[in-house]
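In: sequence and computational prediction follow.
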Amino acid sequence: MKIIVVLLWVWVMHSSLYAHSLLMNIFDNEDNTITVMAEFSTGEKAAGALIRLESLVTGEVLYQKRLPLESELTIIIPKEEYQVVLDAGPGHTIVKEGIAPLEGFLKKVKAKNTAKLSQAQKTNNQWSALTTLFFVICIILFLMTIYWSNRNTNRILKQLKAEI
């Protein structure tokens, strides 16, 4: 029984430590629209994440909408150069260059001004040495607690049997 509990605990802890990455696909529908699809690397849909089209010419937001439950949006392609930004919260921002319309862009970027534009963000999914040390100490303390609790329980049970 102890082995089953320990294995179950290890499995739960192991599965909760998996990191996830945000993924975005942009498809040209060849009718002056694009379809933006988003999901996490775990397969979970990114419903509610914010999609923005930002002008590379002026830095202004040309389009902004949250992803619906199916995590897919079809958007009319702007007539000026733009970037697609998928923002699903802190550390989960992807930026990709926009696809040109069939007739090409009417406004082109002369000098890229990145001051107003969104930047891609990625979280560092690695633990620092201090975090790892504390985690290992917590596991050791937890296992020691189980050991001492089991030992004391067995001691009390032996005393109770001896009294009967």
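Out: Yes, it's here.

In: return the set of buried residues in the longest helix along the chain.
Out: The single longest helix within the chain, with elements called by DSSP state H, is helix 129-163. When burial is assessed from 16 or more other CB atoms under 10 Å, helix 129-163 yields no buried residues. Every residue, glycine included, has its C-beta placed from N, CA and C.

In: and it, what's its mean pLDDT?
Out: Averaging pLDDT along helix 129-163 yields 91.

In: centre of the chain to it, how far?
Out: Distance of helix 129-163 from the chain centroid (CA atoms, centre = their mean, to the nearest Å) equals 35 Å.

In: from here on, count from 865
Out: Okay, using 865 as the starting number, the last item reads as helix 993-1027.

In: which helices and strands sit right next to that helix?
Out: Here helix 993-1027 touches no other helix or strand, going by 3 or more CB pairs under 8 Å, 6 or more residues apart in numbering; DSSP states H and E.

In: and the strands in the chain?
Out: For the chain, the strands defined by DSSP state E cover 886-892, 897-904, 914-919, 925-930, 936-940, 946-951, 956-961, 985-986.

In: so which of those strands is the most packed in?
Out: Comparing those by mean neighbour count (mean count of other CB atoms under 10 Å), strand 946-951 comes out on top with a mean of 22.

In: which helices and strands does that one pack with?
Out: Counting by 3+ CB pairs under 8 Å, 6+ apart, the packing neighbours recorded for strand 946-951 are strand 886-892, strand 897-904, strand 914-919, strand 956-961.

In: where does this structure have low pLDDT?
Out: 865-866, 868-883, 975-980, 984-990 (pLDDT under 70).

In: can you do 90?
Out: Scanning the chain for pLDDT under 90 picks out the ranges 865-887, 904-908, 910, 919-924, 951-958, 968-999, 1026-1028.

In: can you put the helices and strands packed on strand 946-951 in a markdown table and add distance to Tyr927?
Out: Formatted as a markdown table, the helices and strands packed on strand 946-951 follow (distance: least, CB to CB, whole Å):
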| stretch | distance to Tyr927 |
| --- | --- |
| strand 886-892 | 13 |
| strand 897-904 | 10 |
| strand 914-919 | 4 |
| strand 956-961 | 14 |
